[in-house]
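K.L.:
no sequence for this one, just the structure:
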């Protein structure tokens, strides 16, 4: 990467301009416009070169970006008399998995707590959901 900086002065108008410009591989990369206090990319970079790089990176990462891994699920209960049941889903990809509790054919929304989705060290995700059940329902086998 190279940096160019300097000043320009128009003798006729008396206007001065300061230049801060960065380049890479002998091409302009970005400059700083002191008048507007903004970074400016050359026209060809966002419309051509950036798109070329983006397509290349998407093609190289296609197998990772488009993979889908279903989660193995475990149901845990600390003791047989515990009123809390935990569902642990792990090893899934992509991140957006929804854990739903059902009773028969009906979805359960009350007494459900969702943990945050956390990353695993192998590039997959995990989450937990807890359902609190009235102990009377356990006794009546209505769950």
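P.N.:
Noted; the coordinates are in hand. None of these values were measured; they are calculated from a predicted model. Numbers count the residues shown, from 1 in each chain.
K.L.:
which stretches of this protein form strands?
P.N.:
Listed in chain order, the strands of the chain (DSSP state E) span 2-9, 16-24, 27-33, 38-40, 73-76, 84-92, 101-103, 106-108, 112-114, 118-119, 125-132.
K.L.:
now for those, which one comes closest to residue 60?
P.N.:
With Cβ to Cβ, the closest approach to residue 60 among these belongs to strand 16-24: 20.0 Å. C-betas here are computed from N, CA, C, even on glycine.
K.L.:
Quick one: mean pLDDT over that closest one.
P.N.:
For strand 16-24, mean pLDDT is 67.
K.L.:
Stretch 43-55 too?
P.N.:
Mean per-residue pLDDT for stretch 43-55: 75.
K.L.:
From the centre of the protein, give me the residue that's furthest out.
P.N.:
Distance from the C-alpha centroid of the chain, by Cα atoms, centre = their mean, peaks at residue 12 (53.3 Å).
K.L.:
hang on, the earlier thing: quick one: the strands of the chain as CSV, columns for mean neighbour count and distance to residue 61 too.
P.N.:
Formatted as CSV, the strands of the chain follow (neighbours: other Cβ atoms under 10 Å; distance: least, Cβ to Cβ, whole Å):
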stretch, mean neighbour count, distance to residue 61
strand 2-9, 10, 29
strand 16-24, 13, 22
strand 27-33, 15, 23
strand 38-40, 11, 27
strand 73-76, 12, 28
strand 84-92, 17, 19
strand 101-103, 13, 35
strand 106-108, 10, 35
strand 112-114, 13, 29
strand 118-119, 10, 17
strand 125-132, 18, 17
